[in-house]
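S.K.: Structure for this input, please:
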Amino acid sequence: MANLFGIIVSGRLVQTNFEQVGEKQFLCVIPEADNINHVVVFLTGSVPFPDGLGGSVYFSWPDPNGPPTWHLLGNITNTKPSAIFKISGLKKTGDSILQSGYNFGAQKVSHNAQIGISVEPLSQIQGQVANPSTEASTLNSYMEFSHAMCENLYNFASSFAQSPSQITPNPSEQYLPFSVLTKWYESFSRKLQQNPNFWKK
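M.R.: Residues are numbered from 1 along each chain as shown. Model (predicted):
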C-alpha cells in the first residue's frame, strides 16, 4: 500500500517512496526542507483506499532537542485524492504550534522533514481538526490573477488609443477618453491592494 501515496514539492521530482512503519502508517522523508513552504500530498491512483477508509496527513519538522512532533495537516480520501498544505508556519518552534499528539513510532532526530499518512476510518478522519495555519491560501494567487487581468485589459485598450485628430467619426461607435480607463485601472489596483475582496460588497 506504500506506493498508494505521493508528494510534490515545488521544483523537485515527485516522491512516492513512502515506507510502511506500522500496520496502517506510512512515512516519507523530505530532504533539505528548509525552503519548502507548501507540499502536495496525493493518491497515485494505482490502488484506491479500501471502502470506508481515508488517510490523515501529518507533518513533522525536525527538533534538534528531541524526537519528531507530528502536526495534523488534513486528509486525503478517494473523493478528495489530493490536497495542498502550507507547512511554512509549522517550521517554527514554540507554543503557537498546535500539536496532534500523534506518534509514528520512535524515529531518530533528523534534519529532514517528514510526511506521515495514517489510514483511518472516514468517520474518524472527518472529526479531526487540522492546524489552521496549514491551509494553503488562494489570496495571493487571486490578487496576482486580478492584477494581471486588469493590466492585460489596460494594455489591450491602450494599443488602440488615438488622438482626437486621428479618429474617423463613426455614428455607430461611442468613444471613451483614455484617461477614464487609466483612472479606473489605478482605482481598481488601489482597492485590490487594500482589500482583495472589495468587489464582493
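S.K.: can we go C-alpha only for contacts and neighbour counts from here?
M.R.: OK.
S.K.: How about residue 36: what's its closest non-neighbour residue?
M.R.: Spatially, and ignoring its direct neighbours in sequence, residue 36 is nearest to residue 88 (6.8 Å; Cα to Cα, 6 or more residues apart in numbering).
S.K.: pull the helix or strand with minimum mean pLDDT from this protein.
M.R.: helix 139-158 (a mean of 70; mean pLDDT, DSSP states H and E).
S.K.: Now find how far off-centre the helix or strand following that one is within its chain.
M.R.: Following helix 139-158 in sequence order, the next helix or strand is helix 178-194 (DSSP states H and E). Put simply, helix 178-194 sits 29 Å off its chain's centre (Cα atoms, centre = their mean, to the nearest Å).
S.K.: Export only the CA atoms of helix 178-194, formatted as CSV.
M.R.: This file holds the C-alpha atoms of helix 178-194, laid out as CSV (Å, rounded to 0.1, in the frame of the first residue of the first chain):
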residue,chain,number,x,y,z
PHE,A,178,-8.4,57.0,-22.3
SER,A,179,-7.9,58.9,-19.1
VAL,A,180,-11.1,57.3,-17.8
LEU,A,181,-9.6,53.8,-18.3
THR,A,182,-6.4,55.0,-16.6
LYS,A,183,-8.3,56.3,-13.6
TRP,A,184,-10.3,53.0,-13.4
TYR,A,185,-7.1,50.9,-13.5
GLU,A,186,-5.4,53.0,-10.8
SER,A,187,-8.5,52.9,-8.6
PHE,A,188,-9.0,49.1,-9.0
SER,A,189,-5.4,48.4,-8.3
ARG,A,190,-5.5,50.5,-5.1
LYS,A,191,-8.7,48.9,-3.9
LEU,A,192,-7.4,45.4,-4.6
GLN,A,193,-4.3,46.2,-2.6
GLN,A,194,-6.3,47.5,0.4
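S.K.: Break this protein into its domains for me.
M.R.: 2-134, 139-200 (automatic domain parsing).
S.K.: Throw those domains into JSON lines and include mean neighbour count, thanks.
M.R.: Listed next are the domains of the chain as JSON lines, based on neighbours: other Cα atoms under 10 Å:
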{"stretch": "domain 2-134", "mean neighbour count": "17"}
{"stretch": "domain 139-200", "mean neighbour count": "11"}
